[in-house]
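K.L.:
Predicted coordinates and the sequence they were generated for:
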Amino acid sequence: MTFVVTENCIKCKYTDCVEVCPVDCFHEGPNFLVIDPEECIDCTLCEPECPAEAIYAEDDLPEDQAHFLELNAELSQSWPVITEQKDPPADATDWDGKPGKLELLER
């Protein structure tokens, strides 16, 4: 099993989760983070650290977010690993909780 970053991370991109990951499975894109399912050891540390509540265990993914499992796997192959916490975007709180952000994902 793996953990999955879902839609609410888009344009929020809090990196609190990165700081606690023991295996460096997070990858950073322009406005979104993903988890490499091949690197994730299912330690559960990242999920409670996400201020946007955008991380789910694979088995707990909401049905409308299931496609993010494949998206995390795909994008983690081309985006660089992120290992240190960074400041969130200045407007992150404005985007937190807004639906329909998938079309705003920058690759």
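P.N.:
Received, thanks.

K.L.:
Pull up the distance across stretch 16-27, start to finish.
P.N.:
Using CA to CA, to the nearest Å, the span of stretch 16-27 from its first residue to its last is 13 Å.

K.L.:
Other residues contacting it?
P.N.:
Residues outside stretch 16-27 that contact it (CB atoms under 8 Å, 6 or more residues apart in numbering) are 15, 33-36, 39-41, 43, 45-47, 49-51, 55, 75-76, 79-85. (Each C-beta comes from the backbone N, C-alpha and C, glycine too.)

K.L.:
Narrow those to just the buried residues.
P.N.:
Buried residues within the contacts of stretch 16-27, defined by neighbour count using 16 or more other CB atoms under 10 Å: 15, 33-36, 40, 46-47, 49-50, 55, 75-76, 79, 82.

K.L.:
so C46 touches Y56, yeah?
P.N.:
No: using CB atoms under 8 Å, C46 and Y56 do not qualify as a contacting pair, with a distance of 10.3 Å.

K.L.:
which residues are common contacts for the two?
P.N.:
Taking CB under 8 Å, 6+ apart as the criterion, C46 and Y56 both touch F3.
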